[in-house]
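1. please find the sequence and the predicted model below.
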Amino acid sequence: MLALLASLSVLSAQLTAASAQGTSAALPVSLPLSAPSSAATLNPDLLSFSIEQDLWTEWAGTTSSPNTFFQNALGNLAQRTGQTPWIRIGADSEDHTNFNAAIQGSEDLFPAPTTTVPYPEASSIVVGDNFYSLASNLPKGTRVIWGVNFGQNNLTAAFLEARSIMNAFKSSAMREADVTLEFIEIGNEADLYSNNGFRNPSTWTIQEYVKEWTNFAENVSVAAGITSGSGPKFIGAAFAGSSHSTSSFSPQGAIANGLLTSAPGKLITAISQHHYSGSFCSGNGALLQDLMTKANIRSNVSSFSPDVVAVKAQGLDYVFGETNSFSCHGAPNVSNTAGAALWTLDYTLFSSQVGISRVHFHEGVGYKYNLIQPATLTRSILDGSPLSQPLTPHVQPQYYAALIAAEAIGTTGSSTATELTIDNDFVSGYAFFEGGMLKRAVLINSQAFLSTSTGPRTAVNVDLTFTGGSAPKTVQIKRLKINHADDASGLQWAGQTFETSDAKPSGQISTQTQSATSAIELSETEVVLLAFQ
Ligand SMILES: *[C@@H]1O[C@H](CO)[C@@H](O)[C@H](O)[C@H]1NC(C)=O
Ligand SMILES: *[C@@H]1O[C@H](CO)[C@@H](O)[C@H](O)[C@H]1NC(C)=O
Ligand SMILES: *[C@@H]1O[C@H](CO)[C@@H](O)[C@H](O)[C@H]1NC(C)=O
Ligand SMILES: *[C@@H]1O[C@H](CO)[C@@H](O)[C@H](O)[C@H]1NC(C)=O
């Protein structure tokens, strides 16, 4: 009895010691020194953006006064990959846009804000030529996808918009800015037109869609100068649903029903899919953990693998043309938090592994799930209540994921990545190769350490082993510092904050260098970027 009590107290002392430091279970991770043949080629602009066009002018600024905050936020990413992210402009308001040459910028009508949607999309937007010309404010080298109105079934609107887009991108100002139009998208989420009043639900089928799209595209291709030669092309689909059937709204359905066989259909060179992890208009810590969880990210993305395969079999590119965490422009206290940054990074990198070539994160002024807030806000993004002090332009936690993805991809324009097999439900990882040789790795611990978590913050000790040669000598470690998964600010990337008034980093870069075979501590809700030497 005494002996048992003594050994119990030894055990409890050991447990106390372990939990005071946080439990640091050993986790072996094996890294190949050369790229496996299955490694995915990474676009430098794998992480790109989609912008709700009702307030495009807020993102762009004016001809005489560009939005330098937005330019700088994009510039930080371009510095890290050598290529500025793509920008898709359109989305829900694309199908509520009319054209009037007399208008400077845009004129919008907005529904009243609500608690769940504090910054609703415009119910009506009218634009003039200058609206499209403002794209020349984007950083040098930006590639643009622009949407035209198909929802309202008014060919004149699509025609006038397409013609204005072509004129804007042919202008000398745009050529000097080196901003190019890559794609026109005709209609946003046309699969939902039967629910939102744009089409008659009893006749709106994939066959009818293909017929009407082709009719619009015949006209728009002429208006926008889309030909089989060089220059812009069509991006197809932009559906919201996740059907894979050949008889409904899906890439397979569009292909089976002849979308690609008409003359304008032959000008489609990419297919866009929209995706959100769910529709949650209120949030909590459990929902944040669900979003971050490794298995959920994999099942959300992998469910589109059949579509990627079907699209690539046609020789077309496949992109997530509009995506983010949850509908309602994000769930409050979930989509706007540090945990969502970990989700963003894992979701983006995992997408590359199934053949998705770009992931366009959707953004609108005041949306909860933005990486970048480009304009001054006067009401809360969480519940629409008036703010006591206006909130000037700033980056949100997810922006740090864009920085990390960009650094991991690097500047060669031809890096590849493979997911690492890690036997842990919360730790995921990727290896990055240049010229086929291991250069970097990213490790993500997506266990949510919340402000409400009781007990110590645990960690795993990652033991790296290397296959296919002798281990590198040293590893340089950069950490994403997060206090709590549900924090909406206060993150630091390798010692620097980007939460500044001009989106430029502040603070000294801080890294750690150690032997490549020493254990790397990875806490709950942490990311490390490893660079091998
Ligand atoms: C069709 O589009 C044009 C240009 O956007 C607009 O002026 C006109 O009012 C629209 N017609 C209808 C019926 O909405
Ligand atoms: C496209 O549609 C507009 C508006 O209906 C029309 O004026 C124009 O002639 C059409 N263009 C072509 C090439 O059919
Ligand atoms: C996608 O992820 C969410 C959590 O963010 C989860 O609730 C949902 O079941 C996942 N969907 C699929 C298809 O895996
Ligand atoms: C978000 O979190 C804050 C701080 O915990 C809380 O006061 C607020 O009610 C939450 N807002 C919503 C809309 O969930």
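-> Right, received. Where do you want to start? Residues are numbered from 1 along each chain as shown. Ligands and ions are numbered 1, 2, ... in the order given.
2. identify the residues contacting the closest residue to Ile235 other than its chain neighbours.
-> Closest residue to Ile235 apart from its sequence neighbours, by C-beta to C-beta, 6 or more residues apart in numbering: Phe183 at 3.9 Å. C-betas here are computed from N, CA, C, even on glycine. Counting by C-beta atoms under 8 Å, 6 or more residues apart in numbering, Phe183 makes contact with 145-146, 232-235, 269-270.
3. just the pLDDT for Phe183.
-> For Phe183, the pLDDT comes out at 99.
4. now for the contacts of Phe183: which two are most distant?
-> Maximum pairwise distance in the contacts of Phe183, criterion C-beta to C-beta, is 15.4 Å, between Trp146 and Thr269.
5. Asp129 contacts Ser164, doesn't it?
-> Yes - counting by C-beta atoms under 8 Å, Ser164 is a contact partner of Asp129 at 5.0 Å.
6. who has more neighbours, those two?
-> Using other C-beta atoms under 10 Å as the criterion, Asp129 and Ser164 rank with Ser164 on top: 23 against 20.
7. tell me if the more buried one really is in a strand.
-> No - under DSSP: H, G, I helix; E, B strand; the rest coil, Ser164 falls outside any strand and is assigned helix.
8. go ahead and confirm Phe198 touches Asn154.
-> No - assessed by C-beta under 8 Å, Phe198 is found out of contact with Asn154, at 10.8 Å.
9. who has more neighbours, these two?
-> Taking neighbours as other C-beta under 10 Å, Phe198 and Asn154 compare with Phe198 leading, 18 against 14.
10. quick check on Thr62: phi, psi?
-> phi -110, psi 170 (degrees, to the nearest 10).
11. OK, contacts around it?
-> 105, 134.
12. narrow the contacts of Phe183 to those in strands?
-> Among these, DSSP state E puts 145-146, 233-235, 269-270 in strands.
13. now a ChimeraX select for only the buried ones of those residues.
-> Buried residues within these, by 16 or more other C-beta atoms under 10 Å, are selected in ChimeraX with:
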select :145,146,233,234,235,269,270
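14. got the ones in strands among the contacts of Phe183 as CSV, with distance to Gln79 columns?
-> Listed next are the ones in strands among the contacts of Phe183 as CSV, based on distance: C-beta to C-beta, whole Å:
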residue, distance to Gln79
Ile145, 23
Trp146, 26
Lys233, 29
Phe234, 32
Ile235, 27
Thr269, 29
Ala270, 26
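15. return the backbone torsion pair for Glu407.
-> phi -70, psi -40.
16. wait, it touches Gly82, no?
-> No - between Glu407 and Gly82 no contact is recorded; they are 11.8 Å apart, counting by C-beta under 8 Å.
17. between those two, which is the more surrounded one?
-> Glu407 (21 against 15).
18. now do the contacts for the spatially most central residue of the chain.
-> Residue closest to the average C-alpha location in the chain (C-alpha atoms, centre = their mean): Phe361, at 3.0 Å. Phe361 makes contact with 47-50, 323-324, 344, 369, 371, 398, 402 under the criterion C-beta under 8 Å, 6+ apart.
19. and if you look at Asp191?
-> 209, 239-241, 249.
20. distance of Ala25 from Ile444?
-> 16 Å (C-beta to C-beta, to the nearest Å).
21. neighbour count: these two, which is higher?
-> Ile444 (27 against 10).
22. correct me, but that one touches Ile422?
-> No - with contact defined as C-beta under 8 Å, Ile444 does not reach Ile422; the gap is 9.7 Å.
23. low-confidence ranges in this structure?
-> For the chain, the stretches flagged by pLDDT under 70 are 1-23.
24. so which residues on it come close to ligand 4?
-> 283, 332-333, 382-383 (C-beta under 6 Å from any ligand atom).
25. just the buried ones from the residues you listed, in PyMOL syntax?
-> Selection of buried members from the residues of the chain next to ligand 4 for PyMOL, criterion 16+ other C-beta under 10 Å:
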select buried, resi 283+332+333+382
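26. put together CSV for the residues of the chain next to ligand 4, with distance to ligand 1 and secondary structure on each row.
-> What follows is those, written out as CSV (distance: C-beta to the nearest ligand atom, whole Å; DSSP: H, G, I helix; E, B strand; the rest coil):
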residue, distance to ligand 1, secondary structure
Gly283, 38, coil
Pro332, 36, coil
Asn333, 40, coil
Leu382, 35, coil
Asp383, 35, coil
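27. and the residues of the chain next to ligand 4, which two are the farthest apart?
-> Gly283 and Asp383 (11.3 Å).
28. name the residues contacting each of these two.
-> Contacts common to Gly283 and Asp383, judged by C-beta under 8 Å, 6+ apart, are Pro332.
29. contacts only, for Glu176.
-> By C-beta under 8 Å, 6+ apart, the neighbours of Glu176 are Ser136.
30. repeat for the one 4 residues further on
-> Taking C-beta under 8 Å, 6+ apart as the criterion, Thr180 is in contact with 142-144, 169.
31. at 7 Å what do you get?
-> 143-144, 169 (C-beta atoms under 7 Å, 6 or more residues apart in numbering).
32. quick check on those: which are buried?
-> Buried subset of the contacts of Thr180 (neighbour count, 16+ other C-beta under 10 Å): 143-144, 169.
33. of all those residues, which comes closest to ligand 1?
-> Phe169 (19.4 Å; C-beta to the nearest ligand atom).
34. quick check, that closest one in contact with Leu181.
-> Yes - at 4.1 Å, Phe169 counts as touching Leu181 under the criterion of C-beta atoms under 7 Å.
35. and the protein, which residues reach ligand 2?
-> Counting by C-beta under 6 Å from any ligand atom, the chain sits next to ligand 2 at 155-156, 159, 219, 222.
36. want to try TSV for the residues of the chain next to ligand 4, with distance to Leu31 as columns?
-> Shown next, in TSV, are the residues of the chain next to ligand 4 (distance: C-beta to C-beta, whole Å):
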residue	distance to Leu31
Gly283	36
Pro332	39
Asn333	36
Leu382	40
Asp383	45
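37. quickly note the distance from Ile51 to Gly225.
-> 23 Å.
38. and these two? Which one has more around it.
-> Under the criterion of other C-beta under 10 Å, the comparison of Ile51 against Gly225 puts Ile51 first, with 27 against 18.
39. ok, that one touching Trp59?
-> Yes - with contacts counted by C-beta under 7 Å, Ile51 reaches Trp59, the gap being 5.7 Å.
40. residue of the stretch 1-150 of the chain nearest ligand 3, please.
-> Thr116 (17.9 Å).
41. how many residues are close by that residue?
-> Applying other C-beta under 10 Å, we find 15 residues neighbouring Thr116.
42. next up, phi/psi of it, please.
-> phi -80, psi -30.
43. ok, it to Ser279 distance?
-> Separation of Thr116 from Ser279 (C-beta to C-beta) stands at 11 Å.
44. any shared contact partners between these two?
-> With C-beta under 7 Å, 6+ apart, Thr116 and Ser279 have common neighbours Cys328.
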